[in-house]
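Undergrad: Have a look; sequence and predicted model below, questions after that.
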Amino acid sequence: MELRVKRGPRIEAEITVPGDKSISHRAVIIAALSNGACTLHGFLPSEDCMHTVNALRALGIQIEQPDPNVLIVHGKKRVLTPPKEEINCGNSGTTMRLLAGLLAGQTFESRLVGDASLSRRPMDRVIEPLRKMGADIVAEGPEQTPPLRIRGGSLRGIHHRSPVASAQVKSAVLLAGLFAKGKTTVDEPSASRNHTELMFNYFLVRTAKDGEDSISVFGDQVPESRDFNIPGDISSAAFWLAAAAAQPGGHLLIRHIGLNDTRTALLGVLVRMGAQVREAVEDVDQVEPRGIVEITGAALKGTVIQGKEIPQLIDELPVLAVAGALASGTTIIRQANELRVKETDRIAAIAHNLRSMGAQVIELNDGLEIHGPAPLHGARLASFGDHRIAMAFAMAGLFADGETVIQDADCVHASYPGFERALDEFMNPKRMRTSTPVIGSLVPAAPVEE
Ligand code: S3P
């Protein structure tokens, strides 16, 4: 599939976005370990999350899906059965790393495989701590890359000091910790998203927090089955938020969105760049804060993004780089080396695509330096098979002269089913349908003047 993008009219819209990807993975995993049936509403039925669902089915968990966004997961008190064949994680790093933690606690052998992109991603970051806990894990690829062969067993709790701030590493070790003897602790260089620990608390699994960047779980616990409502994904909302922010006078309201403060750093950056943002938490009943975000656009100015902010907006950096190209002055992103080992090398992909559209970009080892504002022009761009690169550059296309074509854009379904439809509505507000993720109205207006 190709995405064809043209300059969009001024945004005046009220929308919702699909369920949170990170929370969807964790909700279905922890529900599967629980002691009964759990109904999950707002589940994200994207390719990545369906790989996790199908993996759990292959491990003997019954999961019904009466509606694309509703799952009924029949937890079996932590009992999993050996899979009949290898487990395919597709493009999903979260599936592979979290399952590695889960399977480290099982006495049977399993094999995790991924697509070409996932097969290049580093797994030593989970293999090393899981081995220390007592699991037998072999990476079959070069330099500790997938496939992974895992035979788990009786694990012991460890104190893991992770060299990277990664929620996937933290979650893999904490999930294994549920099957271990004693206490398992993970320290991070700075805090990554905390959905696993919040979800543990919600399912009444005892955890302890010893400091800002340290979390522990006590072994041998069975999660208590509960129903859960998954909020909208702020990382999917980020594309539209950045687009509205970069349009002087643009206005966007997003409802039912997750506002966990380990995920909202994007909003602070957009404020620094000059946008007006209102964030209102409406509900914290189910541990994950959710509410509305309202944004009013402006002529953006460049900013510096680095340090502790990076892990808290890691998935939003591609679209923030695009916003940087539209902003006046210099935008610097640094200490973002992790971008090099995502679905593609996102630093190289962003630099390449921004340059193809006429922006001035310097590629740094650990980030990017972008000199704006660039009069972007349409181009044929590669998605590099990476959903967030495809969507970030669709957003760039809304601000470019001429047509932008994103090739191989099926990858958007990894995290955002319905993205094409939503994009079409941002470009052609009159053709809006209520059956789409856009629930309000987009009022057509003159294109933004340069
Ligand atoms: C995720 C954590 C992040 C993020 C990914 C989802 C998760 O990866 O980039 O899209 O759900 O735990 P890292 O934890 O490896 O940084």
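TA: Perfect, thanks for sending it.

Undergrad: CA atoms for contacts and neighbours, from now on please.
TA: Noted.

Undergrad: and the residue in the stretch 1-150 of the chain positioned nearest to the ligand, what element?
TA: Sorted by distance to the ligand under C-alpha to the nearest ligand atom, the residues of the stretch 1-150 of the chain start with Ser22, at 3.7 Å. Using DSSP states H and E, the element containing Ser22 is helix 21-33.

Undergrad: cool, and Gln65?
TA: Gln65 is part of strand 62-67 when elements are defined by DSSP H and E.

Undergrad: before we move on, the earlier item: how near is the residue of the stretch 1-150 of the chain closest to the ligand to Gln276?
TA: Using C-alpha to C-alpha, to the nearest Å, Ser22 is found at 27 Å from Gln276.

Undergrad: Quick check on these two: which one has the bigger neighbour count.
TA: The neighbour comparison of Ser22 against Gln276 (other C-alpha atoms under 10 Å) goes to Ser22, with 23 against 17.

Undergrad: re earlier: now do the strand holding Gln65 against helix 21-33, angle only.
TA: Direction vectors for strand 62-67 and helix 21-33, defined by axes from the mean of the first three to the mean of the last three C-alpha atoms, to 10 degrees, enclose an angle of 130 degrees.

Undergrad: What residues does the protein have near the ligand?
TA: Taking C-alpha under 6 Å from any ligand atom as the contact definition, the chain meets the ligand at 22, 94, 166-168, 314-315.

Undergrad: Please convert these to TSV, extending it with pLDDT.
TA: What follows is the residues of the chain next to the ligand, written out as TSV (pLDDT from 0 to 100):
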residue	pLDDT
Ser22	98
Thr94	98
Ser166	98
Ala167	98
Gln168	98
Ile314	98
Asp315	98
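
Undergrad: Farthest-apart pair in these, please.
TA: Every pair in the residues of the chain next to the ligand was compared (C-alpha to C-alpha); the two farthest apart turn out to be Thr94 and Ile314, at 14.0 Å.

Undergrad: The two - which one has more neighbours?
TA: Regarding Thr94 and Ile314, a neighbour count based on other C-alpha under 10 Å identifies Thr94 as having more, with 23 against 19.

Undergrad: packing partners for the helix or strand that contains the more buried one?
TA: Here Thr94, judged by DSSP H and E, is contained in helix 93-103. Under the contact definition 3 or more C-alpha pairs under 8 Å, 6 or more residues apart in numbering; DSSP states H and E, helix 93-103 sits against helix 21-33, helix 47-58, strand 109-113, helix 124-133, strand 148-151, helix 167-177.

Undergrad: Out of the ones you listed, which is closest to Leu3?
TA: Leu3 lies closest to helix 47-58 among the helices and strands packed on helix 93-103, at 18.2 Å (C-alpha to C-alpha).

Undergrad: After the helix or strand of the chain with the lowest mean pLDDT, heading C-terminal, what element do we hit next?
TA: The element with the least model confidence among the helices and strands of the chain, by mean pLDDT, DSSP states H and E, is strand 207-211, at a mean of 92. Counting by DSSP H and E, the next helix or strand C-terminal to strand 207-211 is strand 214-218.

Undergrad: Taking strand 207-211 as reference, get the angle to that next one.
TA: Using the same axes, to 10 degrees, the interaxial angle of strand 214-218 with respect to strand 207-211 works out to 160 degrees.

Undergrad: Strand partners (parallel or antiparallel) of strand 214-218?
TA: Listed by DSSP bridges, the sheet partners of strand 214-218 and their directions read strand 183-187 (antiparallel), strand 207-211 (antiparallel).

Undergrad: Could you check the angle the first one makes with helix 124-133?
TA: Pointing back at strand 183-187 there. Strand 183-187 runs at 150 degrees relative to helix 124-133, counting by the same axes, to 10 degrees.

Undergrad: With just CA atoms, put the helix or strand following strand 183-187 into CSV.
TA: Once the chain leaves strand 183-187, the next helix or strand it forms, by DSSP H and E, is helix 195-202. Extracted in CSV, the C-alpha atoms of helix 195-202 (Å, rounded to 0.1, in the frame of the first residue of the first chain):
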residue,chain,number,x,y,z
HIS,A,195,2.7,0.3,32.4
THR,A,196,3.8,-3.1,33.6
GLU,A,197,4.1,-2.0,37.2
LEU,A,198,0.8,-0.1,37.1
MET,A,199,-0.9,-3.1,35.5
PHE,A,200,0.6,-5.4,38.2
ASN,A,201,-0.9,-3.1,40.9
TYR,A,202,-4.2,-3.2,39.2
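
Undergrad: what residues does helix 195-202 touch?
TA: When contacts are defined by C-alpha atoms under 8 Å, 6 or more residues apart in numbering, helix 195-202 is touched by residues 22-23, 26-27, 30, 171, 206-207, 215, 223, 286-288.

Undergrad: any idea how far that helix is from the chain center?
TA: Its chain's C-alpha centre and that of helix 195-202 lie 17 Å apart, by C-alpha atoms, centre = their mean, to the nearest Å.

Undergrad: swap in stretch 296-312?
TA: For stretch 296-312, the gap between its own C-alpha mean and the chain's C-alpha mean amounts to 18 Å (C-alpha atoms, centre = their mean).

Undergrad: which parts of it are buried?
TA: Using 16 or more other C-alpha atoms under 10 Å as the test for burial, stretch 296-312 gives 296-303, 305, 309-312.

Undergrad: Of those residues, which is the nearest to the ligand?
TA: The shortest distance between the ligand and any of those, using C-alpha to the nearest ligand atom, involves Pro311 and amounts to 6.4 Å.
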